[in-house]
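Participant: here is a sequence with its predicted model. Questions after.
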Amino acid sequence: METHEFTVVATGLDPTAADFEGRFLEAGCDDATVAFQKGRILVDFSRVAVSLEAAVTSAVANVCAAGARVERIEPDPLVSLSDIAGRARLSRSALTHYFRGHRVSGRGGEGFPAPRARVTTDSPLWDWADASAWLYRRKRVSRQVAVNARVVSEANALIGGGEPGEFGRTLTERVRAAVEGLD
């Protein structure tokens, strides 16, 4: 068992209600700090579980049980080159070289993943799951970093669809399929 830290971003409850924080505590979020910022409920978890997948699945169920509507899981899956460098503990310069193709790393020869958002700007954003998988194949991040990035990405793709039990089952299936493609 390890401790997994992440944030569930939610809406749907009145933060001025007398029972606001108590609802989360009663719903099983006793390992989280609840806050309200920028119009969103932030439930910052430090959850002990066998995997991030299990921690996220139970946290989503707990937040829903409190009466909130889950919008997404953070850390944010869309990242800048600076974010990638920080998460991978590499220099911003090294990432820029990978992105521009100036530094080629073996293992399949495919180039750095294409940005997913703000593609036409000077500050594009990448999907952390894609970037971490690419970095894992080049032995720049651990397998667990790449798996956890995929868990957050797949969880966010599934949020809003169905019951928490279905969420967990579907998340498990999608993460297993994605992880098989890592190696």
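Facilitator: Sure, I can see it. What you are looking at is a predicted structure, and each value in this text was computed from that prediction instead of being measured. Residues are numbered from 1 along each chain as shown.
Participant: could you say which helix or strand holds the residue nearest the centre of the chain?
Facilitator: By C-alpha atoms, centre = their mean, the mean C-alpha position of the chain lies nearest to Val152, the distance being 2.9 Å. Under the assignment given by DSSP states H and E, the secondary-structure element containing Val152 is helix 143-158.
Participant: mind checking what helix or strand follows that helix in sequence?
Facilitator: Scanning forward in sequence from helix 143-158, with DSSP H and E defining helices and strands, the next element found is helix 164-180.
Participant: buried set for that next one?
Facilitator: Buried residues in helix 164-180, defined by neighbour count with 16 or more other C-beta atoms under 10 Å: Pro164, Phe167, Gly168, Thr170, Leu171, Thr172, Arg174, Val175, Ala178, Val179. C-beta here means a position set from N, CA and C on the backbone, and glycine is covered the same way.
Participant: thought the last one was touching Arg150?
Facilitator: Yes - contact between Val179 and Arg150 holds when scored by C-beta atoms under 8 Å: they sit 6.6 Å apart.
Participant: re earlier: other residues contacting the helix holding Val152?
Facilitator: With contacts defined as C-beta atoms under 8 Å, 6 or more residues apart in numbering, helix 143-158 is touched by 6, 51-53, 56, 60, 72-75, 77, 87-88, 127-129, 131-133, 135-136, 167, 170-171, 174-175, 178-179, 182.
Participant: among the residues you listed, which lie within helices?
Facilitator: Among those, the members falling in helices (DSSP state H) are 52-53, 56, 60, 87-88, 128-129, 131-133, 135-136, 167, 170-171, 174-175, 178-179.
Participant: now the residue of the chain most remote from its centre: which helix or strand?
Facilitator: Note on the chain: the largest C-alpha distance from the chain mean falls to Ala18, namely 30.8 Å (C-alpha atoms, centre = their mean). Secondary-structure element containing Ala18, defined by DSSP H and E: none, the residue being outside all helices and strands.
Participant: and the pLDDT for it?
Facilitator: Reported pLDDT at Ala18 in the predicted model: 95.
Participant: same question, Glu110
Facilitator: With respect to pLDDT, Glu110 scores 69.
Participant: and if you look at Asp83?
Facilitator: According to the predicted model, the pLDDT of Asp83 comes to 95.
Participant: what about it, helix or strand, and which?
Facilitator: With DSSP H and E as the criterion, Asp83 is inside helix 81-88.
Participant: same question, Gly28
Facilitator: Using DSSP H and E, Gly28 sits within no helix or strand.
Participant: excluding chain neighbours, what is closest to it?
Facilitator: Asn62 (4.0 Å; C-beta to C-beta, 6 or more residues apart in numbering).
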